[in-house]
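Enquirer: sequence-free structure coming up:
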Ligand code: IPE
Ligand code: IPE
Ligand code: MG
């Protein structure tokens with residue numbers, strides 16, 4: 001007779017494993033607003049509040065790196081009014097929040113193609129990146145006009161320009177976020193199960209967590225649930241499972 005199957009759900013490791021780097025596709029703003037008979041742009045405004053909550057939550061949980069998808073290279077295909085409203089919201093957030101972020105020990109930077117952005121916005125982004133945060137608690141990266149395919153192409157161009165042979169290492173050196181650990185956990189809200197051209201290269205071994213919560217509703221409890229789910233995962237990176245004793249604790 002075969003031995004009984006142990007419970008499938010692995011017990012939470014103790015102490016909880018906190019992901020070092022969390023990446024988030026903040027999706028569902030438009031639907032959140034439409035359900036309330038509000039214009040889509042109202043959803044983006046409340047989405048910005050949810051991002052502030054997320055930043056505070058990540059600091060509290062001890063996450064070191066947070067990367068959020070704010071505007072994809074494909075989002076230019078949206079109606080002009082929505083794109084304009086989004087850009088205005090980014091500018092407003094930069095003007096209002098940069099000092100507060102620095103006070104929280106959050107250092108900010110951007111990834112993505114800045115060339116089509118207005119000069120005034122580029123200069124605010126640069127100023128925010130220049131504000132000095134000594135001993136940062138959280139490194140926040142905002143992906144703005146970012147696309148995973150664009151990232152791979154720009155990295156390949158940079159590697160070739162320095163005369164390097166194209167290898168995983170030479171490409172990896174030039175990818176956005178090359179200086180920080182790859183994301184441990186990707187959270188996508190809004191109920192869709194796709195990457196939408198986010199960090200295609202960097203997500204190779206990231207744990208994926210999909211939530212049906214619409215982004216403006218994503219709160220402290222939603223983050224705690226995602227982190228709790230992550231703490232139960234076993235990451236193998238192509239290896240065989242780590243041995244566990246009957247209590248579920250790792251022994252090797
Ligand atoms: C995500 O919310 C925000 C951006 C893409 C800028 P959406 O605007 O995509 O919201 P839904 O998916 O239409 O509900
Ligand atoms: C992904 O959401 C981009 C951001 C959250 C900024 P989208 O709403 O653009 O993705 P799709 O179009 O549903 O794939
Ligand atoms: Mg969407």
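Expert: Received the coordinates, thanks. Computed from a predicted model, the values in this text were never measured in an experiment. Ligands and ions are numbered 1, 2, ... in the order given.

Enquirer: so which residues on the stretch 1-150 of the chain come close to ligand 2?
Expert: Residues of the stretch 1-150 of the chain found near ligand 2 (Cβ under 6 Å from any ligand atom) are 25, 26, 27, 69, 70, 71, 72, 75. No exception for glycine: its C-beta is placed from N, CA and C like everyone else's.

Enquirer: these: which ones sit near ligand 1?
Expert: Within the set of those, contact with ligand 1 (Cβ under 6 Å from any ligand atom) is found for 26, 27, 71, 75.

Enquirer: which of those are buried?
Expert: Taking 16 or more other Cβ atoms under 10 Å as the criterion, what is buried in these is 26, 27, 71, 75.

Enquirer: and which of the residues you listed is nearest residue 196?
Expert: Sorting those by distance to residue 196 puts residue 27 at the head of the list, at 7.8 Å, by Cβ to Cβ.

Enquirer: for the residue nearest to the closest one when sequence neighbours are not counted, which three-state class applies?
Expert: With sequence-adjacent residues excluded and distances taken as Cβ to Cβ, 6 or more residues apart in numbering, residue 27 is closest to residue 190, at 3.3 Å. State at residue 190, reduced to three classes by DSSP: H, G, I helix; E, B strand; the rest coil: coil.

Enquirer: and residue 190, how far from ligand 2?
Expert: For residue 190, the distance to ligand 2 equals 7 Å [Cβ to the nearest ligand atom, to the nearest Å].

Enquirer: quick check, that residue in contact with residue 31.
Expert: Yes - here residue 190 reaches residue 31: they are 7.0 Å apart, a contact under Cβ atoms under 8 Å.

Enquirer: higher neighbour count, the two?
Expert: Neighbours were counted for residue 190 and for residue 31 using other Cβ atoms under 10 Å; residue 190 has more, 20 against 16.

Enquirer: how about the contacts made by the more buried one?
Expert: By Cβ atoms under 8 Å, 6 or more residues apart in numbering, the contact list for residue 190 reads 25, 27, 28, 31, 211, 212, 213, 214, 215.
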